[in-house]
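1. fold the following for me, if possible:
(chains A and B)
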Protein chains: 2
Amino acid sequence: MSLLVVGTVALDSVRTPFGNVENALGGSATYFSTSASYFADVRLVAVIGEDFPKEHIQFLKSKNIDTRGIEVQKGETFRWKGEYGYDLNEAHTLATHLNVLATFKPNIVNDYKNSDVVFLANVDPDIQLEVLRQVKRPKLVACDTMNYWISSKPEALKRILKEVDLLTINEAEIRQLAGEASLVKAAKSVQAMGPKTVVVKQGSYGALMFNGHSVFNAPAYPLESVFDPTGAGDTFAGGFMGYLASTMNFTEESMRKAVIFGSVMASLNVEAFSLDRLRSLDYKEIVGRYREFKSMTHFEDI
Amino acid sequence: MSLLVVGTVALDSVRTPFGNVENALGGSATYFSTSASYFADVRLVAVIGEDFPKEHIQFLKSKNIDTRGIEVQKGETFRWKGEYGYDLNEAHTLATHLNVLATFKPNIVNDYKNSDVVFLANVDPDIQLEVLRQVKRPKLVACDTMNYWISSKPEALKRILKEVDLLTINEAEIRQLAGEASLVKAAKSVQAMGPKTVVVKQGSYGALMFNGHSVFNAPAYPLESVFDPTGAGDTFAGGFMGYLASTMNFTEESMRKAVIFGSVMASLNVEAFSLDRLRSLDYKEIVGRYREFKSMTHFEDI
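-> Presented below is the predicted three-dimensional model:
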């Protein structure tokens, strides 16, 4: 089924202890769509500048991503520059140039309005609301956010939370949003703000899904080498939402499988810079790693 | 079967954001034995001062722990004073008074020398070696250690690692010991030092067991409130080793169940100050939480 995503398409400059890249393909919607493209038909809504390399659009099209929703505007593409130390769980932002993103007003293509599943990646909550106003009621709406919006636009963020079924958020951010150190209490408090399901991303420790009264604990894949964690959260969300859009089954059992597919995609993505590892995955690799997650967490009942 | 532990019996003063205790029953061997007592016959080797309250010995005896190995020496009992902030994964030591521990030379009771399983809790690696020299070859020997011994007694620590089958160690410590940020690489490097099995304790994120070439990822129990994390690692080791001593089955399957029993005991222990939560557990509570771990981590295969 169809999966609509709104978010950023960016050019990232990233330095990690293992190397660096300049102006590589990045952005929340890029990671999300590429990851989700292995599962579902993805429609991408974002803005780029006139400087955006055409080869990147060609790449997205090669993954069968519908790019008609990518608006080209006068000016430069959104750029992010960051670095990671040996603790790859924490990005240090060195520079953010919003450029064309600063004045972005999404205008949803007519064909996109009936999308079954919608993911509002990490952008200004007012943009997220604007997208939601333009689509017909989809079967599942999820969003992501970040510390910047939690502190600068708390009211707009609370309005969007009332409208979504599911929130993906990292550990530090949910503590900030709920004003609560305990993740269990923070998740309950955020569920009370709207989303029935809260997926807490814990970087190299995996993810916790709070779905109604149920809690699911997914590990991260213990990688020998992580080269670049940029986009791991969006890649996770892409695998997660992509799987859900492919089955349209939102039972607890299906959501748990989706969390594992998200974790599989994120674990593959961080094995290389930018989204290079996601460019030409074989579905067998995805299934193989899913089974490794299964065997890595299995223990007998008593 | 019989399980011998050498470690500390201490009086702890602990402050957390949720309260504080003064001179409460503590120490690595105390937490370990109490936790293990729910699974196996425990023999405790430690030293205390003349000031040690008799009621604590009575308590240990009430858990069927063999306390003949607790030596009473002139002077005061080992004392530890620490506090935790909202990040309960990290203890801040305020004071350590070794007292009688400073001159402790363990002398193993004859009846203890044929113990089937031995756990060398976190003490001076020279004391750990001394204990190992006095026991007949047990079926399984495990040890724990800490940052202090890794930096101050690296040679003695390496000697003990050559002699043990299994090491329990926390995340920051294994990185320090191996000089390696990647946990997977660090675990391989530590396995090459001796222990075939390395259990990495990750606090509120659970534990990773590297057993030969296999990796097992156990979550922590997502608690609404953690009151006092003191002793969580030793309580984990107690449940883990206690279960192994009760079955004498060291297959991968059995070791995985042991990791979960360890996690169950640790998750119960942190729900109250000192080891109050472990004082009078019902075995049904342990089994109930084990099953919660099972349901919390379960997902369908593909």
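
2. tell me how many other residues surround A:Ala91.
-> A:Ala91: 16 surrounding residues under other C-beta atoms under 10 Å in any protein chain shown. (C-beta placed from N, C-alpha, C; glycine too.)

3. so how far is A:Ser182 from it?
-> 25 Å (C-beta to C-beta, to the nearest Å).

4. kindly report the same for A:Glu155.
-> Computed as C-beta to C-beta, the A:Glu155 to A:Ser182 distance reads 25 Å.

5. between the two, which has more neighbouring residues?
-> A:Ser182 (19 against 7).

6. and A:Glu224, what's its pLDDT?
-> A:Glu224 carries a pLDDT value of 89.

7. can you tell me the closest non-neighbouring residue to it?
-> Among residues not flanking A:Glu224 along the chain, B:Val184 sits closest, at 4.5 Å (C-beta to C-beta, 6 or more residues apart in numbering or on different chains).

8. the strands in the stretch 151-300 of chain A, which residues?
-> Residue ranges of the strands in the stretch 151-300 of chain A, as given by DSSP state E, counting those that start in this stretch, are A:166-170, A:197-201, A:207-211, A:214-218.

9. so which of those is nearest B:Tyr290?
-> Among the strands of the stretch 151-300 of chain A, the nearest to B:Tyr290 by C-beta to C-beta is strand A:214-218 (14.3 Å).

10. and that closest one, what does it pack against?
-> strand A:207-211, helix A:252-269, helix B:283-297 (3 or more C-beta pairs under 8 Å, 6 or more residues apart in numbering or on different chains; DSSP states H and E).

11. dump the ones you listed into JSON lines; add mean neighbour count, distance to A:Phe18 and mean pLDDT as well.
-> Below are the helices and strands packed on strand A:214-218 laid out as JSON lines (neighbours: other C-beta atoms under 10 Å in any protein chain shown; distance: least, C-beta to C-beta, whole Å; pLDDT from 0 to 100):
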{"stretch": "strand A:207-211", "mean neighbour count": "23", "distance to A:Phe18": "24", "mean pLDDT": "98"}
{"stretch": "helix A:252-269", "mean neighbour count": "24", "distance to A:Phe18": "15", "mean pLDDT": "98"}
{"stretch": "helix B:283-297", "mean neighbour count": "15", "distance to A:Phe18": "31", "mean pLDDT": "97"}
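
12. which residues of the stretch 51-200 of chain A lie near chain B?
-> By C-beta under 8 Å from any C-beta of the partner chain, the residues of the stretch 51-200 of chain A that approach chain B are A:Tyr86, A:Asp87, A:Ala181, A:Ser182, A:Leu183, A:Val184, A:Lys185.

13. you'd agree A:Thr96 is in a strand?
-> Yes: remark: A:Thr96 belongs to a strand, assigned using DSSP: H, G, I helix; E, B strand; the rest coil.

14. just the pLDDT for it.
-> Listed pLDDT for A:Thr96 reads 92.

15. quick one: residues contacting it.
-> Contact analysis of A:Thr96 by C-beta atoms under 8 Å, 6 or more residues apart in numbering or on different chains lists A:Arg79, A:Trp80, A:Lys81.

16. change it to 6 Å
-> Residues in contact with A:Thr96 (C-beta atoms under 6 Å, 6 or more residues apart in numbering or on different chains) are A:Trp80.

17. that one and B:Ile65, how far apart?
-> For A:Thr96, the distance to B:Ile65 equals 59 Å [C-beta to C-beta].

18. next: A:Lys74.
-> In terms of C-beta to C-beta, A:Lys74 sits 77 Å off from B:Ile65.

19. please enumerate residues in contact with stretch A:217-227?
-> A:18, A:88, A:204-208, A:259-260, A:263, A:267, A:270, A:272-273, A:297, B:182, B:184-185, B:215, B:217, B:219, B:296-297.

20. before we move on, what about stretch A:69-82?
-> The contact list for stretch A:69-82, computed with C-beta under 6 Å, 6+ apart, reads A:8, A:10-14, A:43-49, A:51-52, A:91, A:93-101, A:109.

21. buried ones among those?
-> The neighbour-count test (16 or more other C-beta atoms under 10 Å in any protein chain shown) marks A:8, A:10-14, A:43-49, A:52, A:91, A:98-101 as buried among the contacts of stretch A:69-82.

22. which of those residues fall in strands?
-> When DSSP state E defines the strands, the subset of the buried ones among the contacts of stretch A:69-82 inside them is A:10-14, A:43-49, A:91.

23. between those residues, which is nearest A:Met193?
-> A:Val45 (24.6 Å).

24. specify the beta-bridge partners of that closest one.
-> On the basis of DSSP bridges, A:Val45 is bridged to A:Val6.

25. picking that back up, turn the residues of the stretch 51-200 of chain A next to chain B into a markdown table, columns for pLDDT.
-> As requested, those are exported to a markdown table (pLDDT from 0 to 100):
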| residue | pLDDT |
| --- | --- |
| A:Tyr86 | 79 |
| A:Asp87 | 77 |
| A:Ala181 | 90 |
| A:Ser182 | 92 |
| A:Leu183 | 95 |
| A:Val184 | 97 |
| A:Lys185 | 97 |
